[in-house]
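Q: Sequence plus the predicted model coming up.
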Amino acid sequence: MGDFNHPDICWRDYTARHKLSRRLLQCTDNFLSQVVEEPTRKGVLLDLALTNREGLVGDTKVGGSLGCSDHKMVEFRMLQERSKATSRIATPVFGRADFGLFRDLIGGISWVKALEGRRVQESWLVFKHHFLQAQERCIPMSKKCTKRGRRPAWVNKELLAKFRQKKKVHRMWKRGQATWENYRNAVRVCRDAARKAKAQLELSLARHVKDNRKGFFKCISSKRKTRENVGLLLKGAGALVTRDTEKAVLLNSGNSEILNPGSPHESRSLEVREKVQRREDFPLVEEDRIRDLLGRLDIHKSMGPDRMHLRVLRELADVVAKLLSIISERSRRTGEVPEDWRKAKVTPVFKNGKKEDPGN
């Protein structure tokens, strides 16, 4: 909130004449939105209120002046919720996982007989059922703690000892057993150590961002005070979409058109595909290839809708490679794809342009 002094900006059309004003528009297009709509000084909009989330600021009013100022006053309300919702998501604890028992449970099943005469979808569901049962038995789960009770990643044992020493010196100073200089020195030591620990953590995350992207973006998101939600969207007819379910349907339809463009040729029937694929005498989906792909999975990524964690698949690559090669080869020959393979979790990220356009 403040006097930005850019009278050449037209906030209705998002246009500007000067270079600095166009730079300000580019910043607001990327991650900020301006909520003041009426002019604040001599018919020109100079005083702006910028927010990084839709619905955070409301009831904006312009009118009156304060003292001898020629600017009008801008009044608004902060609509931030006081209480934060606690997370109830359960995460796997791999430090206490028994992967040896996991391999025995999965490897002890005769998969060739278990999948004999089954279609691709049925074969996948059988494998998924046994896999999730073994995962629940061998990998303990733990609920995520709230942000208030979580210790920062840059806090180590040495830093905790310095914090305790600072509190001890503070209690002694209040009782008259220590001087103010002693307490001030303890505060400086803790502050310098905390700054060095934070800088060291950020430097380590930046250096190993390719190997630990999840930790890097977790550190970035923790610095944000608010989470950006999807704002109002425009349909093809020009109507605004306000409900979250309608926004999800609109974005899902747009992603489906991009990822699955319509083909002018009709797909072949299942019988024709089977007849063509039976002419091939060798499989194209080899077990060694599946094992190599499983061994290169990024364990820092989250699991998908199938609830199979990538670290578990990587640990059991030697056990599940043959089974997945059988299912993949049947899928290639028949053209049938399991339902879980066609699902994905897509997060909409705003790029540029108007936020109301789902294509942006």
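A: Structure's in. What do you need? Numbers count the residues shown, from 1 in each chain.

Q: How many neighbouring residues does A248 have?
A: 14 (other CB atoms under 10 Å). Bear in mind the C-beta positions are built from the backbone N, C-alpha and C, glycine included.

Q: Can you mark which positions in the helix or strand hosting it are buried?
A: Here A248 sits within helix 244-259, counting by DSSP states H and E. When neighbours are counted by 16 or more other CB atoms under 10 Å, the buried residues of helix 244-259 are found to be 247, 250-251.

Q: want to try TSV for these, with distance to A97 and pLDDT as columns?
A: Output for these, formatted as TSV (distance: CB to CB, whole Å; pLDDT from 0 to 100):
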residue	distance to A97	pLDDT
K247	38	82
L250	40	82
L251	36	81
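
Q: Turn the residues you listed into a markdown table, including distance to K196.
A: A markdown table is the format used below for the buried residues of helix 244-259 (distance: CB to CB, whole Å):
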| residue | distance to K196 |
| --- | --- |
| K247 | 44 |
| L250 | 48 |
| L251 | 43 |
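
Q: which among these gets closest to E116?
A: L251 (41.6 Å; CB to CB).

Q: check contacts around that closest one.
A: 230, 233, 346, 348, 358 (CB atoms under 8 Å, 6 or more residues apart in numbering).

Q: rerun that using 10 Å as the cut-off
A: By CB atoms under 10 Å, 6 or more residues apart in numbering, the contact set of L251 is 230, 233, 241, 346-348, 358-359.

Q: got it, and L20?
A: 4-6, 8-9 are the contacts of L20 under CB under 10 Å, 6+ apart.

Q: That one - that's part of a strand, no?
A: No. Counting by DSSP: H, G, I helix; E, B strand; the rest coil, L20 falls outside a strand, being helix.

Q: And the strands in the chain, which stretches?
A: In the chain, the strands defined using DSSP state E lie at 2-3, 33-34, 47-48, 50-51, 57-65, 72-78, 90-92, 141-143, 233-234, 240-241.

Q: Format those strands as CSV; extra columns: mean neighbour count.
A: Output for these, formatted as CSV (neighbours: other CB atoms under 10 Å):
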stretch, mean neighbour count
strand 2-3, 10
strand 33-34, 17
strand 47-48, 20
strand 50-51, 18
strand 57-65, 13
strand 72-78, 14
strand 90-92, 14
strand 141-143, 11
strand 233-234, 18
strand 240-241, 16
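
Q: Out of those, flag the one nearest Y14.
A: strand 33-34 (9.6 Å).
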